[in-house]
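Visitor: Got a sequence here, can you model it:
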Amino acid sequence: MSNVKWTPEQQAAIEARGGTLLVSAAAGSGKTKVLVDRLLSMILDEQNPRNIDDFLMITYTKAAAGE
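Guide: Numbers count the residues shown, from 1 in each chain. Below you'll find the predicted structure:
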């Protein structure tokens with residue numbers, strides 16, 4: 001995972017479990033990085049690892065898709 005200093009709201013989005021999640025924020029605010037860290041935290045979870053094939057992540061810009 002990254003060494004990024006997240007805001008409380010970003011950290012909550014990364015750690016939230018038990019349902020779907022929509023992340024909406026201004027351009028350049030770190031949405032894609034939050035979603036990637038959320039996905040990594042779930043598939044690398046030692047207690048309850050998830051299968052990457054169970055996820056759908058959508059981004060709407062070429063720059064974000066490149067991340």
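Visitor: all contacts plus neighbour counts: C-alpha atoms, from now on.
Guide: OK.
Visitor: and the lengthiest helix in the chain, what's its mean pLDDT?
Guide: Among the elements of type helix in the chain, defined by DSSP state H, the one spanning the most residues is helix 31-43. pLDDT averaged over helix 31-43 equals 90, rounded to a whole number.
Visitor: How far off centre is it?
Guide: 3 Å (CA atoms, centre = their mean, to the nearest Å).
Visitor: Now that helix - C-alpha only, CSV.
Guide: What follows is helix 31-43 as a C-alpha-only set of coordinates in CSV (Å, rounded to 0.1, in the frame of the first residue of the first chain):
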residue,chain,number,x,y,z
LYS,A,31,-10.3,9.5,-6.1
THR,A,32,-8.6,6.9,-8.3
LYS,A,33,-5.8,6.4,-5.7
VAL,A,34,-8.4,5.9,-3.0
LEU,A,35,-10.2,3.3,-5.1
VAL,A,36,-7.0,1.5,-5.9
ASP,A,37,-5.9,1.4,-2.3
ARG,A,38,-9.3,0.2,-1.3
LEU,A,39,-9.1,-2.6,-3.8
LEU,A,40,-5.6,-3.6,-2.7
SER,A,41,-6.6,-3.6,0.9
MET,A,42,-9.4,-6.0,0.2
ILE,A,43,-7.5,-8.5,-2.0
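Visitor: so what's the closest residue to residue 49 other than its chain neighbours up against?
Guide: Spatial nearest neighbour of residue 49, excluding adjacent residues (CA to CA, 6 or more residues apart in numbering): residue 43 at 4.9 Å. Taking CA atoms under 8 Å, 6 or more residues apart in numbering as the definition of contact, the neighbours of residue 43 are 49-52.
Visitor: For the residue in the chain sticking out farthest from the centre, which three-state class applies?
Guide: Here the chain reaches farthest from its C-alpha mean at residue 47, the gap being 18.7 Å by CA atoms, centre = their mean. The assignment at residue 47 comes out as coil when based on DSSP: H, G, I helix; E, B strand; the rest coil.
Visitor: Give the residue spans of this protein that score low on pLDDT.
Guide: Within the chain, the ranges that satisfy pLDDT under 70 run 1-2, 64-65, 67.
Visitor: which residue is nearest the middle of it?
Guide: So for the chain, CA atoms, centre = their mean, it's residue 35, sitting 1.6 Å from the centre.
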